[in-house]
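> give me a 3D structure for the following:
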Amino acid sequence: MRNEAVAWRGSARHMWSLLEQGNQRWAAGRSHRPRQDPRHRRQVAVAQEPRAVVLSCIDSRVPPEVIFDVGLGDLLVVRTAAHTIDPLVTAAVQYGPQDLSASLVVVLGHQRCGSVTSAARALRGRVTLPGELPAVVAALEPAYAVSDGRVEPMAHAHVRRTVLRLRADPLLHGSATVIGAYYSLDTGLVSRVT
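Numbers count the residues shown, from 1 in each chain. The predicted structure is shown next:
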């Protein structure tokens with residue numbers, strides 16, 4: 001237990017390596033479910049020291065803690081439809097590096113994203129969605145424009161665009177490494193996009 005806690009400290013490169021290892025365990029059906037016992041729960045109840053932030057989609061099939069096989073207190077997770085960002089979401093991402101010294105920010109897109117599919121359909125048909133959903137469509141429109149409206153290329157383009165926006169953020173620049181990744185629903189594997 002002690003060695004696992006120490007392993008979760010380090011550079012962004014080290015953090016990404018640990019997330020990749022956890023994802024490979026998850027995809028192979030060999031999850032460890034580390035640091036999820038009552039003793040660790042009591043330890044993190046006092047203070048948290050996550051070393052990575054994951055900005056991902058709200059999709060129920062893509063829970064970052066599960067697909068990266070991590071424990072309580074390992075990640076700060078921010079989830080929105082198609083990992084779209086606005087000032088509040090950006091502030092939530094900034095919190096990890098600024099207040100908790102998280103060295104890594106992962107923007108995680110995924111295969112067959114319902115939000116991307118819905119936005120592509122709305123843009124293609126020039127349909128206005130109800131409620132606040134047009135904000136999601138507007139956020140995805142630049143990715144739609146560079147992908148000919150095809151859903152998977154659009155999802156990848158949106159990951160890259162979100163990464164660029166976060167890398168340009170003055171509070172994140174220099175305090176954390178921002179990378180993009182993509183989760184395959186079919187294989188369970190995460191791959192780097194940028």
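
> what's near enough to touch the closest residue to Ser103 other than its chain neighbours?
Leaving aside its chain neighbours, Ser103 sits nearest to Ala12 (4.4 Å; criterion: CB to CB, 6 or more residues apart in numbering). C-betas here are computed from N, CA, C, even on glycine. If you count contacts by CB atoms under 8 Å, 6 or more residues apart in numbering, Ala12 has them with 103-104, 176-177, 179.

> for Val146, same thing?
Ala157.

> also Ala143?
116, 154-155, 157-158, 161.

> and the two most separated of these?
Farthest pair in those (CB to CB) is Val116 and Arg161. Separation: 12.2 Å.

> of those two, who's got more company?
Val116 (29 against 19; other CB atoms under 10 Å).

> that one touches Val159, doesn't it?
No - counting by CB atoms under 8 Å, Val116 sits too far from Val159 to count as a contact (10.3 Å).

> one step back: separation between the residue nearest to Ser103 and Ala176?
7 Å (CB to CB, to the nearest Å).

> likewise Arg165?
14 Å.

> of the two, who's got more company?
A count of neighbours by other CB under 10 Å puts Ala176 above the other of Arg165 and Ala176, at 26 against 14.

> returning to what we had before: what touches both of Ala12 and Ala176?
Common neighbours of Ala12 and Ala176 (criterion: CB under 8 Å, 6+ apart): 103-104.

> please list all residues in contact with the residue found closest to Ile58 once you drop the neighbours it is linked to in the chain.
In space, and not counting its chain neighbours, Ile58 is closest to Arg79: 4.8 Å by CB to CB, 6+ apart. Contacts for Arg79 (CB under 8 Å, 6+ apart) come out as 55-58.

> hmm, 7 Å instead?
By CB atoms under 7 Å, 6 or more residues apart in numbering, the residues touching Arg79 are 56-58.

> ok, Leu189 to Arg25 distance?
Taking CB to CB, one finds Leu189 at 11 Å from Arg25.

> from the contacts of Arg79, which land in strands?
If you go by DSSP state E, those have 56-57 in strands.

> could you point out which element follows the lowest-mean-pLDDT helix or strand in the chain?
Every helix and strand of the chain was ranked by mean pLDDT, DSSP states H and E. The lowest is helix 2-7, at a mean of 44. Where DSSP states H and E defines the elements, the next helix or strand beyond helix 2-7 is helix 12-27.
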